[in-house]
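A.B. asks: when you get a sec, could you give me coordinates for this:
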Amino acid sequence: MKAMMKDEAGIALFLVLWVLTLLSVIAGEFCFAMRTEVNITRNFKDQTISYYIALAGINRAIGEMIRNEVMPPTRVSSIGVPGQPEEKETEVEEEREFWRINVEIPPESYGEGVYQVRIENESGKINLNGANEAMLKMMLNRFDLDENEKSVIVDSILDWRDKNDVHRLNGAENEYYRSLPKPYECKDGDFDSVEELLMVRGVTPEIFYGGLKNIVTVFKPPVKRQRSTAGRGFRVVGADLNKVNINAATKDVLLSLPSMTEDLVQQIMDFRKESDFRSLAEVTALVGGSVYNAISPYITLESSPYFSIRSVGKMADGRIQQGIEAWVEIDRKLKKGFRIVQWRDRAEESEPATSDGE
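C.D. replies: Alright, predicted model coming up:
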């Protein structure tokens, strides 16, 4: 009898221990799941906050560009100002802080974090919809390609954007693209995005993501009407798309220019940290006459109304960050003074959306 009671007591103890173990496992799993849910929720919250911090940076950048590009700095007359001769009428520019284009902008605090913004003018890139054969071939100088590979890419770009179905010597039209494993049509029209280059014969992902993506643009500045020098009517004038703005050109674009070296490019970048070039004579003085003669057919000081903005929002602890890229047109003739033409939430690696609204 006592033996049976001991056995039952032992079984009961075993069952209690087994139940306690099971409850401990369930409780541990529940705690782990709850902790995971809390972390996911906190990360989602931080990502959302970081995204809107980045969005604040985009809005601030647009506001600064409108102020700098559309609204000229306020000027005050020196007449009646103590110390200024009354007969001498001059203007003094009112000093104010502003964001410069194509240079590093210090981070700005906002809400629970900071945003870091970079603004670039698209005139510093090579225009896929307007650059001629020489300009397109020059942009490939930074890549390890032989002359035949360069010719294939250049001719294929020209064939992609022209209106006819006749391919150049090393180019490609519908006949080539229809023969691919996944066939498609040659566009025979302007590029709508730089990503279209991946569809062009000869442009590999290694070339595109290896630097080509960052030195090209698809935005053509609108043509302007200028009064004829003879005083008879107007003539249509467009931006020279076979040149890049020396004040906006990236390091890779500068290195693509003939006769340019790493040292000369660094000197140009250092000069631009303090001030933009105001004349091509300043460029000549910096790089020397022989180099200037080599690069002069490819450079200009003319800007584009199109700008790219990259804004990264970060939480104060720096653990979470979100990025946004936007391409905007700044023009006082537009209803709001600007127009968003492309948008990309970089964290989601989404394709840029196009907007035609003002």
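
A.B. asks: pull the distance from the strand or helix carrying Ile40 to the chain's centre.
C.D. replies: According to DSSP states H and E, Ile40 maps onto helix 2-65. Remark: helix 2-65 is offset 40 Å from the chain centroid, using CA atoms, centre = their mean, to the nearest Å.

A.B. asks: so which elements touch it?
C.D. replies: strand 108-110, strand 113-121, strand 306-315, strand 321-330, strand 338-345 (3 or more CB pairs under 8 Å, 6 or more residues apart in numbering; DSSP states H and E). Glycine gets a C-beta too; all of them are placed from N, C-alpha and C.

A.B. asks: tabulate these (JSON lines), appending mean neighbour count and distance to Asp159.
C.D. replies: JSON lines is the format used below for those (neighbours: other CB atoms under 10 Å; distance: least, CB to CB, whole Å):
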{"stretch": "strand 108-110", "mean neighbour count": "14", "distance to Asp159": "45"}
{"stretch": "strand 113-121", "mean neighbour count": "22", "distance to Asp159": "29"}
{"stretch": "strand 306-315", "mean neighbour count": "23", "distance to Asp159": "25"}
{"stretch": "strand 321-330", "mean neighbour count": "21", "distance to Asp159": "26"}
{"stretch": "strand 338-345", "mean neighbour count": "18", "distance to Asp159": "24"}
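
A.B. asks: give the burial count for Leu255, as a bare number.
C.D. replies: 17 (other CB atoms under 10 Å).

A.B. asks: my read: it touches Met139, true?
C.D. replies: No. Using CB atoms under 8 Å, Leu255 makes no contact with Met139, being 10.6 Å away.

A.B. asks: what about the protein, any weak spots by pLDDT?
C.D. replies: For the chain, the stretches flagged by pLDDT under 70 are 1-10, 69-98, 223-239, 347-358.

A.B. asks: out of the helices and strands packed on helix 2-65, which is closest to Ala294?
C.D. replies: Of all the helices and strands packed on helix 2-65, it is strand 113-121 that lies closest to Ala294, at 23.4 Å by CB to CB.

A.B. asks: strand partners of that closest one, parallel vs antiparallel please.
C.D. replies: Note on strand 113-121: by DSSP bridges, its sheet partners are strand 108-110 (antiparallel), strand 306-315 (antiparallel).
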